[in-house]
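Enquirer: let's see this in three dimensions:
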Amino acid sequence: MPGESRLQPIAPDQLLDLLTRLGDEQTTDLALIGPDVWLHASPEDWPEVLQGRVLYRLTGELSGLPRQLLRLDRLQTLILWRLGLREKDAAAIAEQLGQLTSLNLSNSILTKGKGNDIGDEAVADIGQQLTGLVTLILAGNKRITTVAPLVNLPLSRLVIVQTGVADLSPLSSRVLGSDGTCLGQDRASMWRTVR
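Expert: Numbering: from 1, shown residues only. Prediction:
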């Protein structure tokens, strides 16, 4: 059963202590969002992917991806919304956190301001390094134009809404439904929404 949904503010200068504590606790799930992400006041109205967990919201901007995050070797699920991540940050995540099964590097489409800015190089790193990934959410990263590097991942869910991806032919081995839903070989839903 999922845990209680809770929003926990965290100052950037307190983040290293939090990540150290989460590492000591061998946490398997981390959700961290930028200060400008808009959320409903009631957790019941949050996006489903954020429900049932502690959601840490930064009170200020980060100057870069904290290296302590890359030491969380028990993480299975990692959500990093609108943190100003770049290609090198996504590459470091892919290289150091190979045990991930779910990765969400989205930009909230309802929020303007500094967001993640990753592109095809990050997609290639993810496709090469995160070989156990079953959920990948890259919504709002407009510089992503290809899904070809992801073709061999065991993805059951891929969200690429508001990216530059126009060609889904690399995923043609998957069954495409009339509503744009992609189904993997295990018939689990994979969402395909382009722009």
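Enquirer: is the most centrally placed residue in the chain in a bridge, and if so with what?
Expert: In the chain, the centroid-proximal residue (C-alpha atoms, centre = their mean) is residue 104; its distance is 0.9 Å. On the basis of DSSP bridges, residue 104 is bridged to residue 79, residue 137.
Enquirer: and it, what does it touch?
Expert: Contacts for residue 104 were tallied using C-beta atoms under 8 Å, 6 or more residues apart in numbering; they are 49, 78, 79, 80, 81, 135, 136, 137. C-beta: built from backbone N, CA, C; applies to glycine.
Enquirer: and it, what's its pLDDT?
Expert: Looking at residue 104, its pLDDT reads 96.
Enquirer: show me the helices in this protein, by range?
Expert: Assigned helices in the chain, in chain order: 15-24, 87-96, 120-129 (criterion: DSSP state H).
Enquirer: so for the last one, what's the average pLDDT?
Expert: Averaged over helix 120-129, pLDDT sits at 97.
Enquirer: where does pLDDT dip in this protein?
Expert: Residues of the chain meeting the criterion pLDDT under 70: 1-2, 108-113, 172-195.
Enquirer: before we move on, back to that, dump the helices of the chain to TSV, plus mean neighbour count.
Expert: Formatted as TSV, the helices of the chain follow (neighbours: other C-beta atoms under 10 Å):
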stretch	mean neighbour count
helix 15-24	15
helix 87-96	19
helix 120-129	20
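Enquirer: what's the closest non-adjacent residue to residue 30?
Expert: Once flanking residues are discounted, residue 30 sits nearest to residue 78: 5.5 Å by C-beta to C-beta, 6 or more residues apart in numbering.
Enquirer: before we move on, what about residue 5?
Expert: If the residues on either side of it in the chain are set aside, residue 5 comes closest to residue 43, at 3.3 Å by C-beta to C-beta, 6+ apart.
Enquirer: got it, and residue 157?
Expert: Distances taken as C-beta to C-beta, 6+ apart put residue 135 closest to residue 157, at 4.5 Å, once the chain neighbours are dropped.
Enquirer: residue 76 contacts residue 27, correct?
Expert: No - using C-beta atoms under 8 Å, residue 76 makes no contact with residue 27, being 9.4 Å away.
Enquirer: would you mark the buried spots in stretch 131-139?
Expert: Residues of stretch 131-139 classed as buried by neighbour count (16 or more other C-beta atoms under 10 Å): 133, 134, 135, 136, 137, 138, 139.
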